[in-house]
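Chemist: just need the structure, nothing else, for what follows:
(2 chains)
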Number of protein chains: 2
Amino acid sequence: MRKNYLLTPGPTPLPPQVTEAMARPIIHHRTPQFQAVIKEVSEGLKFVFQTKNDVYILASSGTGAMEAAVANLLSPGETALTIQGGKFGERWTELCAAYGINTEVIEVEWGKAVDPREVEKKLKSNPEIKAVFATLCETSTGVDTDIEALGKAVKETEAALVVDAISGLGAIDLKTDEWAVDAAVSGSQKGLMLPPGLGFITVSAKALKLVETSKNSRYYLDLRKARKALQSVDTPFTPAITLIIALSEALKMMRQDGLENIFLRHKKMAQATRSAIKALGLELFASAAPSDVVTAVKVPAGIDGEKLVKTMRDTYGVTIAGGQAELKGKVFRVAHMGFIEEFDIIAGISCLEKVLAQMGYQFTLGAGVKAAEEIFLK
Amino acid sequence: MRKNYLLTPGPTPLPPQVTEAMARPIIHHRTPQFQAVIKEVSEGLKFVFQTKNDVYILASSGTGAMEAAVANLLSPGETALTIQGGKFGERWTELCAAYGINTEVIEVEWGKAVDPREVEKKLKSNPEIKAVFATLCETSTGVDTDIEALGKAVKETEAALVVDAISGLGAIDLKTDEWAVDAAVSGSQKGLMLPPGLGFITVSAKALKLVETSKNSRYYLDLRKARKALQSVDTPFTPAITLIIALSEALKMMRQDGLENIFLRHKKMAQATRSAIKALGLELFASAAPSDVVTAVKVPAGIDGEKLVKTMRDTYGVTIAGGQAELKGKVFRVAHMGFIEEFDIIAGISCLEKVLAQMGYQFTLGAGVKAAEEIFLK
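Modeler: Numbering: from 1, shown residues only, chains lettered A, B, ... in the order given. I've put the predicted structure just below:
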């Protein structure tokens, strides 16, 4: 007998309401029954994205939705600004390159957050910039971006602000409309508590104009098709029916909780995790703006980071994430996002303590759990 | 209390093994546990596609996989030949147009099948053709294409043969390697008995060369990325984990049955359906090569085709499909594909008889069911 705990930044654990929905017999998508689901999730997604604009559902991973933003908003030869402080910021640059878009890059040291004034400066010195690509929570480093400040910097220019909210949506605040975000994309396997397989994108009126004029080759990810279909409560291609029905269950839960409560829960879990990490004598990887979505922790000297993650998972059933790309073996990451609550965090910290102790790391057993409990008790 | 029967050409009903798999707790995709699943489904997909080449799994609908074929095999300004005998043949032409590819089109009257000699002729008179796009089963008309004959026509040329096997794979024969198919694409919600959300594509050595030289903008659907990832038993982007685990269950069932038995079951169901249709005095829409995947039937004079489909579905729980595009209201379509067997067909025919009788259509009650039974008894 072994119980499994999933504390990874996507996929996140599934609520029983979601798994139950996926085990139902399938229905056809071109029926009044499924149209009712489309209507419901459309409203729910507007609520979560905090927007009045339509949110389009793609049968894709989050990267498909990111590509939809690049493919629909820009044209070959145009210029974009990307903010690169981790693997997912780099993905924006790679996507732009794949579409023949010239890219100005703001390199942010991994673990640090972008200074919005740098974005302002770049926009002033490069008025040809058509879009700014940012990342709400850079999952590879556990750092959040101040999207509100970026919105202020971009709003007065011709450029559109595009935010990768794949990690973060439904976990931390993203006021799409109020903060003047022109396109926000997300995926299903994070704050929305679903399996991977759905991508989401919403666009502002400003961005919609770019969609209409873009010269990029596109078909499956063409937002003109998605928009036209949604007007008749439909999707342009066969939708991922099961996942969308599960989405309606997840959104119901989120509406019942309310965004404020959801964000507060994530904040507390993050604080507890960070407090535990410090109490264990470990160091956060993020030196600024540590995320309430995922905590990246430096692997201490003398400890094999990959072995730590493997032992927690394969011996004790607690799955956290290792480092990605250049951080492989150098950090481990504990997610506190989606259908995770305080006692999952306690379990995760306890398992971390157990394996650290077995690996010969010196600390006071129980110190991490105690520090987390102190936060949760408040 | 009402039981629902799904006789639509995608989605098709889900076996209990598949729904059970989807209700399991989710696992992380970058784990040995999920790598074992990738290995297993990779072998299973080769079996179903009847190929020795790798099959790439996309988190997308079938159209995403079709776009992957166009985006990876061709470059803007090149020429392709499309065969257009229905909505899905037209999709190839639309996709090529979206990518700036010049298209030679063989127009096939809807309900008829392409004459392979026409393809041969076109290839001779247009040696610049780089790819031929065909449809295994044209779901909108219920007509099959003789892919084996097309393979013979294309094989000796420079062109690649690309087959949309979205409807048809795992239901009717497609010997990808033996018939010299260079790229075959499919989707999950048809013969593979899964919900929609997975796209599949396999490419031959001949097609792989085109993948390496294509100048199209692509990222999410880039087969170079998919290929590189699969070499380390991985996917380039977060895969649709739940659907892939469900796929492993569906493929197990298919391997146990064997392709011969599966194709025979589909053939019998199709024969029974066609026989029932004729016994009811109705007429098939396909005037040539009626498919063993789906049967399209002309709505008889004096009957409201859309009302027929609606009443069967909303009053009696039997979902068949209406006509698409120019066939809307003119045909109805009964699928006999995937997790459907003889008594589902009997139920479908019986419900059709009931509603036709209620709508005032003149026929001998029971004649359709009897004709189907006679086929199944053989």
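Chemist: so which residues of the stretch 201-350 of chain A form helices?
Modeler: Ranges of helices within the stretch 201-350 of chain A are A:205-213, A:223-231, A:241-257, A:259-279, A:305-314, A:342-358, based on DSSP state H, counting those that start in this stretch.
Chemist: the first one close to chain B?
Modeler: No. Using CB under 8 Å from any CB of the partner chain, helix A:205-213 stays clear of chain B, coming no nearer than 14.5 Å. Backbone N, C-alpha and C define where each C-beta goes, glycine included.
Chemist: now that helix: how far from the chain's centre is it?
Modeler: What separates the centre of helix A:205-213 from the centre of its chain is 24 Å, taken as CA atoms, centre = their mean, to the nearest Å.
Chemist: for the third one, same thing?
Modeler: What separates the centre of helix A:241-257 from the centre of its chain is 17 Å, taken as CA atoms, centre = their mean.
Chemist: please apply the same query to the fifth one.
Modeler: When C-alpha coordinates are averaged (CA atoms, centre = their mean), helix A:305-314 and its chain have centres 24 Å apart.
Chemist: now that helix - C-alpha only, CSV.
Modeler: Output in CSV follows, covering the C-alpha atoms of helix A:305-314 (Å, rounded to 0.1, in the frame of the first residue of the first chain):
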residue,chain,number,x,y,z
GLY,A,305,19.2,16.8,-6.0
GLU,A,306,18.0,14.3,-8.6
LYS,A,307,18.3,11.5,-6.1
LEU,A,308,16.3,13.5,-3.5
VAL,A,309,13.4,14.0,-6.0
LYS,A,310,13.6,10.3,-7.1
THR,A,311,13.6,9.0,-3.5
MET,A,312,10.7,11.1,-2.4
ARG,A,313,8.7,9.9,-5.5
ASP,A,314,9.7,6.3,-5.9
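Chemist: buried residues, it. List them.
Modeler: A:305, A:308-309, A:311-313 (16 or more other CB atoms under 10 Å in any protein chain shown).
Chemist: need the helices of the stretch 201-350 of chain A in CSV (columns: mean pLDDT).
Modeler: Formatted as CSV, the helices of the stretch 201-350 of chain A follow (pLDDT from 0 to 100):
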stretch, mean pLDDT
helix A:205-213, 98
helix A:223-231, 98
helix A:241-257, 98
helix A:259-279, 98
helix A:305-314, 98
helix A:342-358, 98
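Chemist: in CSV: those helices, plus distance to residue A:336.
Modeler: Compiled in CSV, the helices of the stretch 201-350 of chain A are given as follows (distance: least, CB to CB, whole Å):
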stretch, distance to residue A:336
helix A:205-213, 31
helix A:223-231, 32
helix A:241-257, 16
helix A:259-279, 4
helix A:305-314, 16
helix A:342-358, 6
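Chemist: so which bits of the stretch 251-378 of chain A are right by chain B?
Modeler: A:313-314, A:319, A:321.
Chemist: pLDDT weak spots in the stretch 1-150 of chain A?
Modeler: Within the stretch 1-150 of chain A, no range satisfies pLDDT under 70.
Chemist: by proximity to chain B, which residue of it wins?
Modeler: Relative to chain B, the nearest point of the stretch 1-150 of chain A is residue A:23 (3.8 Å; CB to the nearest CB).
Chemist: quickly list the domain ranges of chain A.
Modeler: Taking automatic domain parsing as the reference, chain A has its domains at A:5-10+A:258-377, A:16-256.
Chemist: tell me which of the ones you listed sits nearest to residue B:81.
Modeler: With distances scored as CB to CB, the stretch of the domains of chain A nearest to residue B:81 is domain A:16-256 (18.4 Å).
Chemist: related to what we said a few turns ago, of the buried residues of helix A:305-314, closest to chain B?
Modeler: Of all the buried residues of helix A:305-314, residue A:313 has the smallest distance to chain B: 6.8 Å, by CB to the nearest CB.
Chemist: next one: phi and psi at residue A:11?
Modeler: The phi and psi values for residue A:11, taken as degrees, to the nearest 10, are phi -70, psi 160.
Chemist: what's the helix or strand for the residue nearest to it when sequence neighbours are not counted?
Modeler: In this structure, residue A:11 finds its nearest non-sequential neighbour in residue A:189, 4.1 Å apart by CB to CB, 6 or more residues apart in numbering or on different chains. Using DSSP states H and E, residue A:189 is not contained in any helix or strand.
Chemist: correct me, but residue A:189 touches residue A:196?
Modeler: Yes. Contact criterion CB atoms under 8 Å: residue A:189 and residue A:196 qualify, at 3.8 Å.
Chemist: which of these two has more neighbours?
Modeler: The neighbour count for residue A:189 versus residue A:196, taken as other CB atoms under 10 Å in any protein chain shown, is higher for residue A:189 (31 against 27).
Chemist: distance check, residue A:337 against residue A:129.
Modeler: Residue A:337 sits 31 Å away from residue A:129, going by CB to CB, to the nearest Å.
Chemist: which one's more surrounded, the two?
Modeler: More crowded of residue A:337 and residue A:129, by other CB under 10 Å: residue A:337, with 30 against 23.
Chemist: tell me if I'm right that that one and residue A:8 touch.
Modeler: No. Contact status for residue A:337 versus residue A:8: not in contact, 9.2 Å apart, counting by CB under 8 Å.
Chemist: and the stretch 101-250 of chain A, which residues reach chain B?
Modeler: Counting by CB under 8 Å from any CB, the stretch 101-250 of chain A sits next to chain B at A:187, A:189, A:195-197, A:216-222, A:237-243.
Chemist: ok, 7 Å please
Modeler: Counting by CB under 7 Å from any CB of the partner chain, the residues of the stretch 101-250 of chain A close to chain B are A:189, A:195-197, A:216-220, A:237-243.
Chemist: who's in contact with the residue minimising distance to the centre of chain A?
Modeler: When CA atoms, centre = their mean is applied to chain A, the residue found nearest the centroid is residue A:167 (1.0 Å). Taking CB atoms under 7 Å, 6 or more residues apart in numbering or on different chains, we find residue A:167 in contact with A:9-10, A:137, A:139, A:190, A:293-294.
Chemist: closest to residue B:248 among the residues you listed?
Modeler: Using CB to CB, residue A:10 comes nearest to residue B:248 of those, at 21.1 Å.
Chemist: just checking, the closest one touches residue A:190?
Modeler: Yes. Contact criterion CB atoms under 7 Å: residue A:10 and residue A:190 qualify, at 4.8 Å.
Chemist: tell me the pLDDT of residue A:325.
Modeler: Looking at residue A:325, its pLDDT is 89.
Chemist: for it, which non-adjacent residue is spatially closest?
Modeler: Nearest residue to residue A:325, sequence neighbours excluded (CB to CB, 6+ apart): residue A:87, at 5.0 Å.
Chemist: count of neighbours near the one you found?
Modeler: Neighbour count for residue A:87, taken as other CB under 10 Å: 18.
Chemist: quick check: the residue of the stretch 251-378 of chain A nearest chain B.
Modeler: Closest residue of the stretch 251-378 of chain A to chain B, CB to the nearest CB: residue A:319 (5.3 Å).
Chemist: shouldn't that residue be in contact with residue A:7?
Modeler: Yes. The criterion here is CB under 7 Å, and residue A:319 meets it with residue A:7 at 6.5 Å.
Chemist: test my guess that residue A:202 contacts residue A:51.
Modeler: Yes. Applying CB under 7 Å, one finds residue A:202 in contact with residue A:51, separated by 5.3 Å.
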